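# take a look and give me a structure for this.
(2 chains)
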2 protein chains.
Amino acid sequence: MNRKSNTVLSQIGRRTADSPISWLMRTKLERPNLVSLAAGFTDNESLPLEGSRRLLNELLNDESVGRTALQYGSTAGDDTLRELTAMRIEELDKISIDNKTADLSKRMVITHGSQQFLYILTEALCDPGDIVLVEDPTYFVYLGIMQSRGLSGRGISMNHDGIDLENLEMVLESLRRSGELKRTKILYLVSYFQNPTGRSTSLSIKKEALNLLRKYERAAGHPIYLLEDAAYRELGFSGESNSSALSICGSSERVIYSGTYSKPFATGVRVGFGVLPEVLLEPFLRIKSNHDFGTSHLIQKLVLRALDSGEYMKNLAKAQCRYQVKANVMNDSLSDYFPDLVKWEKPQGGLNFWAELPRSMNTGLKSKLFQEALNQDVLYVPGSLCYVEDASRRKPSYEMRLSFGAASEKDIRKGIRSLGNVLKCK
Amino acid sequence: MNRKSNTVLSQIGRRTADSPISWLMRTKLERPNLVSLAAGFTDNESLPLEGSRRLLNELLNDESVGRTALQYGSTAGDDTLRELTAMRIEELDKISIDNKTADLSKRMVITHGSQQFLYILTEALCDPGDIVLVEDPTYFVYLGIMQSRGLSGRGISMNHDGIDLENLEMVLESLRRSGELKRTKILYLVSYFQNPTGRSTSLSIKKEALNLLRKYERAAGHPIYLLEDAAYRELGFSGESNSSALSICGSSERVIYSGTYSKPFATGVRVGFGVLPEVLLEPFLRIKSNHDFGTSHLIQKLVLRALDSGEYMKNLAKAQCRYQVKANVMNDSLSDYFPDLVKWEKPQGGLNFWAELPRSMNTGLKSKLFQEALNQDVLYVPGSLCYVEDASRRKPSYEMRLSFGAASEKDIRKGIRSLGNVLKCK
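Have a look, this model is predicted:
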């Protein structure tokens, strides 16, 4: 970019870095022979082709429903879709039927993918210089939003059942002492089959985290929200998941929940959603109205019909099964081809393995390892991309995220074998 | 909103006002008996129900195309859709086939409605306090983006063929003198069948405006972009439109063009697009990547197929015809029922009439007139909503925008008659 044009850009325009996800997606699209264990594409075989065709046919055959689907809707999203989504959350949270549905659906917004929910939410809450607490490591695309918007982060270390509460308290305490708590707005947790580690956060950790956040509210001078990103929630191989933070008593004013139909149904459909404390709903909708005054009604109606007809659950069960098979293939391949020094946990859902190499090895984008892997036509996500900039610790750079979502079983084996060969030569 | 939650919001979160369009859309959705001559909904009868059904069927019946449609695409949007869109622009601009298509399509981004294009573009170029020049009056939803992002505006007065160039030069000159030109980034023109006035900007005005902007570049220290919003371009009753600013020699580095398939095809599909100078493309895509990493692939593929199969043009011709009929009905109704003191021009396209009352009358949201109209079950857009905040002139408040897009012929007559009665009692 030449200097002249650079001076015309806004701070956001100048600051926003290229997102690794764009680069990874582009690389895969441009090099079809590459085995990508990196991009977050989902399994092509599980896409609901026949179901979507049938549902869209029904939808557009019905004069009245069809016209509604092809016309603008409301900024918050289709009422029935919000109700069905609220019911689905309650089903997953094992909450018996009471007036909670009405409550959840009224605090819900349908977005163009959950990414848009995360973006607008962050826009509504955070100014440049504000602080978001994230898991160490975390979903790297959210780090992109933070970077673009000039936010600071603090990494909270993770155990196998979620963030380390002692570490969270230590970080909150140090922010209080430095006066930075006033700028701290959000604790962001990817709570189910986390991207990138595959780990899930237990309900008790969510509860304790929420208590800790409340404890520091007075010093902050405002709420510190628990933002639960449940994108992978329905991708548990068993179909089960523990309860969300929405189920915690009295959480409605402090918990923000984001979910998506992109991953469990179809990424090309891009329907996400979020539940907000009531006081945040109006500011969120006002901003959403400026973004696009509402998500495409047609794709909302498709998802609604998929949920209502049972097609969604049928397809989901199939997808869960497929991902379990692929996770097994990746696990076996890792056992077969990776050197013994590499450690990993087999996830119970989601789309990713998280492999830990000896600390002396570097997996970064500019490392020899990454380059050699590319030369062998295999792509992974360097672990360092998943860590927030945080001066209080050195960024780990000896891990890799390996996705089994998009690649075929054959390619998973091939990719892991190639990667194993590269690793063995180190 | 209670004070405590207010303190947690960002500047944008606190600042963003409720958009009149949300309120108008909500009011219409909540009061089905209301005759809305306000909301920008399009004609229900012209929605491509049968065509969309057939195209989606074909699309999802084809294994390979279907899977692509249900999977993530690229952030910039589908390559073929961008090429077809570029060809369509060149057709409208009467540019003969050369390598311009490749050029336009490479500088093009597909967005979730053109509203998203306008939002991200403004995000990429403007910081709070920056200045955008707009038509007086202009598209009020863009004013919402400006308000939310803390931008200032200057209104440029309009003639029947677009902005008044003398006034533009005067404003540029006064900004130069006050040192504010350094903060001036965009001249925003809704150039075809403008929302709200229905007027179109001639090519020569676009050329001269571009020359003037260039003349002040040195003093600004950066380009001042001509942003041409061509949302209504294809809604000309004759199917014809004059050439866009993209056709002006040497414009590629200074003209930004936004268009949409929402209005001419289906508002529920929400596919928009924009063409950018090359230097702005990367910053735009980086931000778009954080918003949603790409527009729903399914709705992109639907539009692509509509364009490719001829369904788009077939439906468009039908829509143009419908809108012409409805514009005639509104024109006749205005003649029949409005008092003689009210002036209006019959538009040659678009969705709106702009009616000018005697200056002593107030049409504002809080006026008696507006309330009485609501009591009579008819809704219009108060003209004052379409004017930017600009200390250099008093905001006119004696006009109304009357849309014939959504209402049936019967309702147009009924609505105009009710409004006429309210006006005659004044």
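# contacting residues for the closest residue in space to residue A:330 that isn't next to it in sequence?
Leaving aside its chain neighbours, residue A:330 sits nearest to residue A:404 (4.5 Å; criterion: CB to CB, 6 or more residues apart in numbering or on different chains). From N, CA and C alone the C-beta is placed, and that goes for glycine too. For residue A:404, the residues meeting the contact criterion (CB atoms under 8 Å, 6 or more residues apart in numbering or on different chains) are A:37, A:323, A:326, A:327, A:329, A:330, A:351, A:352, A:353, A:412.
# sitting in strands, which of these do you find?
Counting by DSSP state E, the members of those that fall within strands are A:352, A:353.
# dump the contacts of residue A:404 to JSON lines, plus neighbour count and pLDDT.
Written out in JSON lines, the entries for these read as follows (neighbours: other CB atoms under 10 Å in any protein chain shown; pLDDT from 0 to 100):
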{"residue": "A:37", "neighbour count": "27", "pLDDT": "94"}
{"residue": "A:323", "neighbour count": "23", "pLDDT": "95"}
{"residue": "A:326", "neighbour count": "22", "pLDDT": "97"}
{"residue": "A:327", "neighbour count": "23", "pLDDT": "97"}
{"residue": "A:329", "neighbour count": "19", "pLDDT": "98"}
{"residue": "A:330", "neighbour count": "25", "pLDDT": "98"}
{"residue": "A:351", "neighbour count": "26", "pLDDT": "95"}
{"residue": "A:352", "neighbour count": "24", "pLDDT": "97"}
{"residue": "A:353", "neighbour count": "25", "pLDDT": "98"}
{"residue": "A:412", "neighbour count": "25", "pLDDT": "97"}
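# and the contacts of residue A:404, which is closest to chain B?
The shortest gap between chain B and any of those belongs to residue A:351, at 12.7 Å (CB to the nearest CB).
# where do the strands sit along chain A?
Secondary structure of chain A (DSSP E): strands at A:35-36, A:108-111, A:131-136, A:152-159, A:162-163, A:184-190, A:225-229, A:255-260, A:272-275, A:343-344, A:352-356, A:378-379, A:381-382, A:399-403.
# of those, which is nearest chain B?
Shortest distance between chain B and the strands of chain A, using CB to the nearest CB, is found for strand A:184-190: 6.2 Å.
# show me what that closest one pairs with in its sheet, parallel or antiparallel.
Its sheet considered, strand A:184-190 pairs with strand A:131-136 (parallel), strand A:225-229 (parallel) by DSSP bridges.
# determine which of the ones you listed approaches residue B:216 most closely.
Of all those, it is strand A:131-136 that lies closest to residue B:216, at 40.4 Å by CB to CB.
# and the closest residue to residue A:34 other than its chain neighbours, what is it in contact with?
Closest residue in space to residue A:34, ignoring its immediate chain neighbours: residue A:377 at 5.1 Å, by CB to CB, 6+ apart. Counting by CB under 8 Å, 6+ apart, residue A:377 touches A:31, A:33, A:34, A:35, A:418.
# neighbours around residue A:30, how many?
Neighbour count for residue A:30, taken as other CB atoms under 10 Å in any protein chain shown: 9.
# give me the pLDDT for it.
Listed pLDDT for residue A:30 reads 80.
# and for residue A:97?
According to the predicted model, the pLDDT of residue A:97 comes to 54.
# what does the one 3 residues further on give?
You'll see residue A:100 listed with a pLDDT of 58.
# do residue A:24 as well
76.
# number of nearby residues for it?
Residue crowding around residue A:24 was assessed by other CB under 10 Å; the count is 21.
# tell me if I'm right that it and residue A:36 touch.
Yes. In this structure residue A:24 lies within contact range of residue A:36 using CB atoms under 8 Å: 7.2 Å.
# out of the strands of chain A, which gets nearest to residue B:253?
In terms of CB to CB, the element of these nearest to residue B:253 is strand A:108-111, at 34.3 Å.
# hang on, the earlier thing: now for the strands paired with strand A:184-190, which one comes closest to residue A:338?
When these are ranked by distance to residue A:338, counting by CB to CB, first place goes to strand A:131-136 at 23.6 Å.
# need the contact partners of that closest one.
Where contact means CB under 8 Å, 6+ apart, the residues beyond strand A:131-136 that reach it are A:122, A:126, A:142-143, A:146, A:151-158, A:162-163, A:168, A:171, A:175, A:180, A:183-190, A:194, A:387-388, A:390, A:393.
# buried ones among those?
Buried residues within the contacts of strand A:131-136, counting neighbours by 16 or more other CB atoms under 10 Å in any protein chain shown: A:122, A:126, A:142-143, A:146, A:151-156, A:158, A:162-163, A:168, A:171, A:175, A:180, A:183-190, A:194, A:387-388, A:390.
# count of neighbours near the residue lying closest to residue A:300 once chain neighbours are set aside?
Nearest non-adjacent residue to residue A:300, counting by CB to CB, 6+ apart: residue A:78, 4.6 Å away. Residue A:78 has 22 neighbours, counted by other CB under 10 Å.
# residue A:78 touches residue A:297, doesn't it?
Yes. Applying CB under 8 Å as the test, residue A:78 and residue A:297 come out as touching, 6.9 Å apart.
# could you list the low-pLDDT ranges of chain A?
When the per-residue scores of chain A are filtered using pLDDT under 70, the ranges that remain are A:1-6, A:96-102.
# one more pass at 50, please.
Low-confidence segments of chain A (pLDDT under 50): A:1-4, A:99.
# got the domain boundaries for it?
For chain A, the domain assignment from automatic domain parsing gives the residue ranges A:3-47+A:314-424, A:71-311.
# cool, thanks, talk later.
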